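Asker: no FASTA, just this:
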């Protein structure tokens, strides 16, 4: 995940807060399923790498679905490029 939603001022941006919350929750779920998860969490930049398995596939599909719903609702502020990569 990269960038900011720019829906509202920092601290008031519900789109950014929604995306960030689901991304951070997804990372917590992934950590319960895999060893050796790499994460980089910085303002405007979130990266995660891990060895996928059946459980992580389900988690990532759910994350992707949530982000797609958010992008459909706020198309000027959320863009999805590509899909789930293995």
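Answerer: Thanks, I have the structure now. From a predicted model like this one, the values you see are computed outputs, not experimental measurements.

Asker: Please count neighbours and contacts with C-alpha atoms only from this point.
Answerer: Fine.

Asker: any low-confidence regions in the protein?
Answerer: 83-86 (pLDDT under 70).

Asker: and residue 38, what are its phi and psi?
Answerer: phi -100, psi 130 (degrees, to the nearest 10).

Asker: Let me see the contact set for the closest residue to it other than its chain neighbours.
Answerer: Nearest residue to residue 38, sequence neighbours excluded (Cα to Cα, 6 or more residues apart in numbering): residue 49, at 5.1 Å. Listed by Cα atoms under 8 Å, 6 or more residues apart in numbering, the contact set of residue 49 reads 37, 38, 39.

Asker: what helix or strand is residue 40 on?
Answerer: Using DSSP states H and E, residue 40 maps to strand 38-42.

Asker: The residue most central in space within the chain is in what secondary structure piece?
Answerer: Central residue of the chain (Cα atoms, centre = their mean): residue 23, 3.5 Å from the mean position. Element membership for residue 23 (DSSP H and E) is helix 14-33.

Asker: What residues of that helix count as buried?
Answerer: Under the neighbour-count criterion of 16 or more other Cα atoms under 10 Å, helix 14-33 has 15, 16, 19, 20, 23, 26, 27, 30, 31, 33 buried.

Asker: elements contacting the strand holding residue 40?
Answerer: Under the contact criterion of 3 or more Cα pairs under 8 Å, 6 or more residues apart in numbering; DSSP states H and E, strand 38-42 touches strand 45-49.

Asker: Quickly name whichever of the contacts of residue 49 is closest to residue 45.
Answerer: Of all the contacts of residue 49, residue 45 sits closest to residue 39, with 10.4 Å by Cα to Cα.

Asker: hmm, back to that, tell me which of the buried residues of helix 14-33 is nearest to residue 5?
Answerer: residue 16 (5.2 Å).

Asker: okay but that closest one is in contact with residue 5, surely?
Answerer: Yes - when contacts are counted by Cα atoms under 8 Å, residue 16 is listed as touching residue 5 (5.2 Å).

Asker: now the residue nearest to the centre of the chain, nearest residue through space, not along the chain?
Answerer: Going by Cα to Cα, 6+ apart, residue 23 has residue 63 as its nearest residue, at 7.3 Å.

Asker: can you pull the contacts of the one you found?
Answerer: 22, 23, 26.
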